[in-house]
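Asks: Need a 3D model of the sequence below.
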Amino acid sequence: MSQADKVFSGSIPELYDTYMVPLIFEAYATDMARRVAVLEPGAVLETAAGSGVVTRALAPLLKERVRYVVTDLNQPMLDRAASMQSGAKGIEWRQADALSLPFEDKAFDAVCCQFGVMFFPDRIAGFTEARRVLRPDGQFVFNVWDRIEENEFADLVTQAAALSFPDDPPRFLARTPHGYCQVEQIETEVRAAGFKKVELFTITEKSRAPSAHHAAFAYAQCTPLRNEIEVRDASRLEEVTDRAAGMISERFGEGPVEGKIQGHVIVALI
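Replies: Okay, the predicted model is just below:
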């Protein structure tokens, strides 16, 4: 993972929330919120919260007196999450590094992280921090994307970018969001952080967009893939987007499109 992979700034937070969240994140956020809420926790920590899709799903399911702390390393994304959380009281918003959490030991009953651990420069350190702040009967719930070939729109957009830049293909999607998908490696690293029981579930969903161009725009212009393209040649951003839209349309047809997405949910217990 490059340093640029973690840059969600400028227009990206708003575009990400507007395009990417309904395209691929909402179904998994609903699943995560249910898994955490059923634990009936007294205190919940969310790390790498991004633009707040899990927060919006989970907050209404928690009892009134539950402490809910929502964190992200990236302040613009956290600002976006807070601005979208209408009507929810008592949420604590805090910029924090998941690898060095500013909380006491055994402070939470549950720690959750949606599609964030792939961005950790040291995942075992991040898992160890999650374990440190959990109470003895607490649970760490997180998810990761499966390999890019199991996520059809992301795969086609990556192929389109490679056709535009064959000598130096932009590989953000394959390298980072879809780069931490080997279940054996994940379980090994979670256990290395001190968790004794690890459960893993593979969940397949459908990604739906009103058009092929909508799906292509979401991936090419609303994620750090945009940064990679613009570093190479900013004038070709629309070329990549249009090429990707054409490839999606060729496979899935005109009008509304529907493609496969797949991820792994991990539940770790001390």
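Asks: so where's the stretch 101-250 of the chain uncertain?
Replies: Along the stretch 101-250 of the chain, segments meeting pLDDT under 70 are nowhere present.
Asks: In it, mark out all the strands, start to finish.
Replies: Assigned by DSSP state E, counting those that start in this stretch, the stretch 101-250 of the chain shows strands spanning 108-114, 134-145, 197-209.
Asks: Tell me the helices and strands packed up against the second one.
Replies: Using 3 or more CB pairs under 8 Å, 6 or more residues apart in numbering; DSSP states H and E as the contact criterion, the secondary-structure elements in contact with strand 134-145 are helix 26-37, strand 108-114, helix 123-133, strand 257-269. Where C-beta positions appear, they are placed from N, C-alpha and C, glycine not excepted.
Asks: any idea how far it is from the chain center?
Replies: 15 Å (CA atoms, centre = their mean, to the nearest Å).
Asks: Can you list the strands that it pairs with?
Replies: Strand pairing for strand 134-145, using DSSP bridges, gives strand 108-114 (parallel), strand 257-269 (antiparallel).
Asks: Which among those is found nearest to Pro177?
Replies: strand 257-269 (9.8 Å; CB to CB).
Asks: how far out from the middle of the chain is that closest one?
Replies: 11 Å.
Asks: going forward, begin numbering at 587 instead of 1
Replies: Sure, I'll start counting at 587 from here, so that last one is strand 843-855.
Asks: Which of the residues in that strand are classified as buried?
Replies: Neighbour-count burial for strand 843-855 flags Val843, Gly845, Ile847, Gln848, Gly849, His850, Val851, Ile852, Val853, Ala854 (criterion: 16 or more other CB atoms under 10 Å).
Asks: Kindly report the same for stretch 814-830.
Replies: Neighbour count says stretch 814-830 has Glu814, Ile815, Arg818, Leu823, Glu825, Val826, Thr827, Asp828, Arg829, Ala830 buried, by 16+ other CB under 10 Å.
Asks: Then stretch 624-636?
Replies: Applying 16+ other CB under 10 Å to stretch 624-636 flags Leu625, Pro627, Ala629, Val630, Leu631, Glu632, Thr633, Ala634, Ala635, Gly636 as buried.
Asks: List the contacts of the residue nearest to Ile677 when sequence neighbours are not counted.
Replies: Excluding its sequence neighbours, the residue lying closest to Ile677 (CB to CB, 6 or more residues apart in numbering) is Tyr654, at 5.2 Å. The contact partners of Tyr654, taken as CB atoms under 8 Å, 6 or more residues apart in numbering, are Ala629, Val630, Glu632, Thr641, Leu644, Ala645, Leu648, Gly676, Ile677, Glu678.
Asks: How about the secondary structure of Tyr654?
Replies: Secondary structure for Tyr654, judged by DSSP: H, G, I helix; E, B strand; the rest coil, is strand.
Asks: now, which of the contacts of Tyr654 sits nearest Thr604?
Replies: Closest to Thr604, out of all of the contacts of Tyr654 and judged by CB to CB, is Thr641, at 16.4 Å.
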